[in-house]
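>>> Turn this into a structure:
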Amino acid sequence: TLKASSEDGSSLCCKTTTMENQSAQPVLQSDDKTRSVLNFYRNKLSHDDPRVIRFFDRKEYYTVLGPNALFLAREFYKTSTVVKELGSGDTAVQGVALNRSLFNNVLRALLVDGTEHTVEVYEDQQGSWRLTKSGSPGKLGPFEEELFQFSEMAETPVVMAARVAVRDGQWEVALAYADISARSLSATHFLDDDRLCALEAALMQIGAKECVVAREAQASFEGRRLRDVLARCGVLATERKSSDFNPKDVPQDLG
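Below you'll find the model as predicted:
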């Protein structure tokens, strides 16, 4: 059973009906903790990247806000009736509550089975909400307990980095990847065609789920072509500044 917002439009939060029943639908209630979550969400967070799914850990359950709440209601609850407006007026924000069992299922769908989203978890630490965990399809370590508490990890995620440049009419691809299970780093450089067919084949052979790319290269034709190939192969593109690709720091990083 869900409880509607209070008559004064005050913020809503969630609370499980029983701690013993992990499958119970969280009940929405009003309290100061939820108001602090809303204040943090509105004023402290950037909402530029729709791929980021943020969870606010309320110990017995999780709260998800804004477009993330609508996404979870559509994809996992399969109904919009679980979405409640938190707050009132122009500052109202949609909210959805998840118990821990559903949270674990959502994590697996987003990070293990999917390659389109990253996850952030925030916790209240002495009155301030702070990012305590973040993960992506190529970085499962922070969520190993939730993802694999009842089963072994079927495969180790592979994360890679790639850059593409066109010089003298030739397409050049630089590729590196880390295999955590083998504790190895590999790198290669090769010529490709303008459709990046060799890169696509390498992606499939490596089995990468996430690829680090240069943020500044997004505007170039070759940068867009690289992202097209990654999307076609179901690989999440994670942007980093171009200076992170500078080879001058390699000896220090490997040391």
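
>>> Sketch out the low-pLDDT regions of the stretch 101-250 of the chain for me.
Confidence mapping of the stretch 101-250 of the chain against pLDDT under 70 gives the ranges 149-156, 181-182, 217.

>>> now the helices for it?
144-147, 197-206, 221-232, 250-254 (DSSP state H, counting those that start in this stretch).

>>> how about these, which one is nearest Asp48?
helix 221-232 (16.9 Å; Cβ to Cβ). Where you see a C-beta, it was placed from the backbone N, CA and C, and this is true even at glycine.

>>> by how many degrees do the closest one and helix 197-206 diverge?
40 degrees (axes from the mean of the first three to the mean of the last three Cα atoms, to 10 degrees).

>>> Check the gap between the residue of the chain most remote from its centre and Leu191 for me.
In the chain, the residue that sits farthest from the middle, by Cα atoms, centre = their mean, is Asp168; the gap is 37.9 Å. Distance, Asp168 to Leu191, using Cβ to Cβ, to the nearest Å: 11 Å.

>>> Strands along the protein, start to end?
13-15, 27-29, 52-57, 62-65, 84-86, 93-98, 118-125, 128-135, 159-167, 170-179, 184-192, 210-214, 236-240 (DSSP state E).

>>> I'd like the ones you listed laid out as a markdown table, including mean neighbour count and distance to Ser46.
Below are the strands of the chain laid out as a markdown table (neighbours: other Cβ atoms under 10 Å; distance: least, Cβ to Cβ, whole Å):
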| stretch | mean neighbour count | distance to Ser46 |
| --- | --- | --- |
| strand 13-15 | 22 | 23 |
| strand 27-29 | 17 | 26 |
| strand 52-57 | 20 | 9 |
| strand 62-65 | 24 | 14 |
| strand 84-86 | 21 | 19 |
| strand 93-98 | 23 | 15 |
| strand 118-125 | 18 | 11 |
| strand 128-135 | 14 | 12 |
| strand 159-167 | 19 | 23 |
| strand 170-179 | 17 | 28 |
| strand 184-192 | 12 | 32 |
| strand 210-214 | 22 | 20 |
| strand 236-240 | 17 | 14 |
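
>>> would TSV of those strands with distance to Arg35 be doable?
Output for the strands of the chain, formatted as TSV (distance: least, Cβ to Cβ, whole Å):
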stretch	distance to Arg35
strand 13-15	8
strand 27-29	12
strand 52-57	12
strand 62-65	12
strand 84-86	9
strand 93-98	11
strand 118-125	12
strand 128-135	12
strand 159-167	38
strand 170-179	42
strand 184-192	47
strand 210-214	36
strand 236-240	33
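
>>> So which of these is nearest Glu222?
Using Cβ to Cβ and comparing the strands of the chain, the one that lies nearest Glu222 is strand 159-167, at 4.5 Å.

>>> For the closest one, name the packing helices and strands.
strand 170-179, helix 197-206, strand 210-214, helix 221-232 (3 or more Cβ pairs under 8 Å, 6 or more residues apart in numbering; DSSP states H and E).

>>> Many thanks, have a good one.
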